[in-house]
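> Give me the fold of what follows.
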Amino acid sequence: MKRLLLLAAPLVLAACGSSESDPAPTPTPTPSQPRTLVAADLDLSTLGAKIVGPQGPEIETVLSAGSAQIGEMVSFVACPEGVETCEPGQMPEGTIYTYVHQITLAQNNEATQDAAITGPEVVESPPSLFRTTEKAHGFNAAVGYSSAQALDALGSEDAIAITSDDGRLIWRVVEGGGWQPGSTITFWWQSTLPPAGPADAYLLEVEGSQSIARGPYPAEEKSPAGTSAN
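Below is the predicted model of the structure:
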């Protein structure tokens, strides 16, 4: 027994020595997964006054894919109900701003028709979606769309699913018979930050045709150390 213990001792010492020389494992960051959000309806009549910017209370954008117009977007940002004049610099801390985007598809959309049909075979086209191309700064988890308009444009009030992917908001059509030409759907989301101005921060995709959309967007919130006094 004593001989066995003496032979085993060098092995124990060697094992201990090797553990000290091995490099510490590097932690692998876990990629953030898309998060499903609960969609809510919105009664526009319950909003307060709109922010009036250099372009007025609303920003209109023509949505084009190549040389074809696929629709148009009208956007605005409103203060909470009861606010008669919405001036971000004069609003109290904690004010919630509602970003509203009304998208109307073109009546005759040659770009989407070409993407959906090639030759004699009908090709399954990508799902239609509307999204932010940047992180939704100040997002307070309140988001949705008009269910009545979704019923009219898509055939179902629950036709749209909303997710957050790395901070970017995505409204994706998951049910219904496709977005009908000439119909309108209103998308909305809320932020604790007012818009910094118009930005090319939105994207519409219909039947494989994509168009960057320009609308009001909040700037990234600065850390307390980098915030300058007004």
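
> show me where pLDDT drops low in this protein?
1-32, 109-126, 223-230 (pLDDT under 70).

> Next, count neighbours for the nearest residue to residue 182 once chain neighbours are set aside.
Nearest residue to residue 182 in three dimensions, chain neighbours excluded: residue 107, at 4.5 Å (C-beta to C-beta, 6 or more residues apart in numbering). Backbone N, C-alpha and C define where each C-beta goes, glycine included. When counting by other C-beta atoms under 10 Å, one arrives at 11 neighbours for residue 107.

> Point to the residue nearest the middle of this protein.
residue 169 (1.5 Å; C-alpha atoms, centre = their mean).

> where along this structure do the strands fall?
35-37, 59-65, 68-78, 97-105, 117-118, 121-122, 129-132, 139-145, 160-165, 168-173, 184-191, 195-206, 209-218 (DSSP state E).

> Give the buried residues for stretch 94-108.
Residues 95, 97-106 are the ones in stretch 94-108 that count as buried (16 or more other C-beta atoms under 10 Å).

> measure it end to end?
One end of stretch 94-108 to the other measures 44 Å (C-alpha to C-alpha, to the nearest Å).

> now that stretch, how far from the centre of its chain.
12 Å (C-alpha atoms, centre = their mean, to the nearest Å).

> same check, this time on stretch 85-104
Centre-to-centre, stretch 85-104 and its host chain are 17 Å apart (C-alpha atoms, centre = their mean).

> do stretch 154-164 as well
14 Å.

> which other residues reach it?
Residues from elsewhere that reach stretch 154-164 (C-beta atoms under 8 Å, 6 or more residues apart in numbering): 34-39, 136, 139, 143-145, 147-148, 150-151, 169-180, 185.

> Would you mind measuring from the residue nearest to residue 182 to residue 134?
According to C-beta to C-beta, to the nearest Å, residue 107 stands 31 Å off from residue 134.

> And residue 67, by the same measure?
On the measure of C-beta to C-beta, residue 67 and residue 134 end up 27 Å apart.

> For those two, work out which one has more neighbours and name it.
More crowded of residue 67 and residue 134, by other C-beta under 10 Å: residue 134, with 16 against 7.

> Show me what residue 145 is bridged to.
residue 187 (DSSP bridges).

> whoops, I mixed them up, residue 65
residue 68.
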